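Undergrad: structure here, sequence nowhere to be found:
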């Protein structure tokens, strides 16, 4: 079910049920912050997505993607925004869906997923990327819980393969090695593989999902035909496997842009 409220105290009491939040609840708050476009995590109540109308150009699309995703996955969603804002979002969203098979003009042509080196070897052997929950069920991994739990991620996030850009994926790889989240982009770690995927093709084949804050794929993503390039420390031009998230991300992106610049131009020019 989807509920809307003008405002919501960020505490442990669910205003709909007057009890604590269970795992079925998500909160989306529309804010006026100038500090971020989107941010998410646990904050003492339900998992909360915050979207800034001041910084996020496509906040209307994000709000409605979240609504569609939650409806399809039987999640309870509390929207914290004015009724007029929700109406405006629905009007702009007309004809779209959270799993539509086209890449939107505002979405990146290439999506990145980072993984530790030993995981990359297994991925190459399997020929597929798999979600944490699937790997756990197959007894490929022994860790008790994914590192994202420390950020307040809901358990069912582990049914998905997450994608992004910038340094975020390297922070996750670093966190897995340390056993805790360290946000320092200059903290030394052992680089793994930085995988670059064709987002347009993923969307066209119905694999790309949007939850209002993330772009992701459920369960499994074959490497072929979606993987464009895999950057490791040597192919990215580093002197050794030891580096820091900022440098590895920057060097790998630089190499990718140099080699695949025409691909990026063609993909950007043909977005739907």
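TA: Alright, I've got the coordinates. Predicted, not measured: the structure shown is a model, and the values here were computed from it.
Undergrad: now stretch 221-238: buried residues?
TA: 221, 226-233, 235-236, 238 (16 or more other Cβ atoms under 10 Å). From N, CA and C alone the C-beta is placed, and that goes for glycine too.
Undergrad: what would the residues you listed look like in TSV with pLDDT?
TA: As requested, those are exported to TSV (pLDDT from 0 to 100):
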residue	pLDDT
221	98
226	97
227	98
228	97
229	97
230	97
231	97
232	98
233	97
235	96
236	96
238	96
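Undergrad: out of these, which is nearest to residue 156?
TA: residue 221 (17.4 Å; Cβ to Cβ).
Undergrad: am I right that the closest one is in a strand?
TA: Yes - counting by DSSP: H, G, I helix; E, B strand; the rest coil, residue 221 is part of a strand.
Undergrad: so what's it up against?
TA: 128-129, 161, 197, 202, 207 (Cβ atoms under 8 Å, 6 or more residues apart in numbering).
Undergrad: could I get those residues as TSV with distance to residue 135, pLDDT and neighbour count?
TA: Below are the contacts of residue 221 laid out as TSV (distance: Cβ to Cβ, whole Å; pLDDT from 0 to 100; neighbours: other Cβ atoms under 10 Å):
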residue	distance to residue 135	pLDDT	neighbour count
128	11	97	16
129	10	97	23
161	10	97	23
197	18	96	23
202	20	97	21
207	18	98	21
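Undergrad: from these, which is closest to residue 20?
TA: residue 161 (30.2 Å).
Undergrad: phi first, then psi, for the closest one.
TA: When read as degrees, to the nearest 10, the backbone of residue 161 gives phi -100, psi 120.
Undergrad: beta partners of it?
TA: residue 217 (DSSP bridges).
Undergrad: that one contacts residue 133, doesn't it?
TA: No - checked against Cβ atoms under 8 Å, the pair residue 161 and residue 133 is beyond contact range at 10.6 Å.
Undergrad: how about the helices in the stretch 151-272 of the chain?
TA: 168-178, 199-204, 245-259, 261-269 (DSSP state H, counting those that start in this stretch).
Undergrad: do you know which of those lies nearest residue 111?
TA: Short answer: helix 199-204, nearest of the helices of the stretch 151-272 of the chain by Cβ to Cβ, at 4.7 Å.
Undergrad: show me what the closest one is packed up against.
TA: Using 3 or more Cβ pairs under 8 Å, 6 or more residues apart in numbering; DSSP states H and E, the elements in contact with helix 199-204 are strand 110-115.
Undergrad: kindly recompute the last result at 10 Å.
TA: When contacts are defined as 3 or more Cβ pairs under 10 Å, 6 or more residues apart in numbering; DSSP states H and E, helix 199-204 packs onto strand 110-115, strand 209-210, strand 215-218, helix 261-269.
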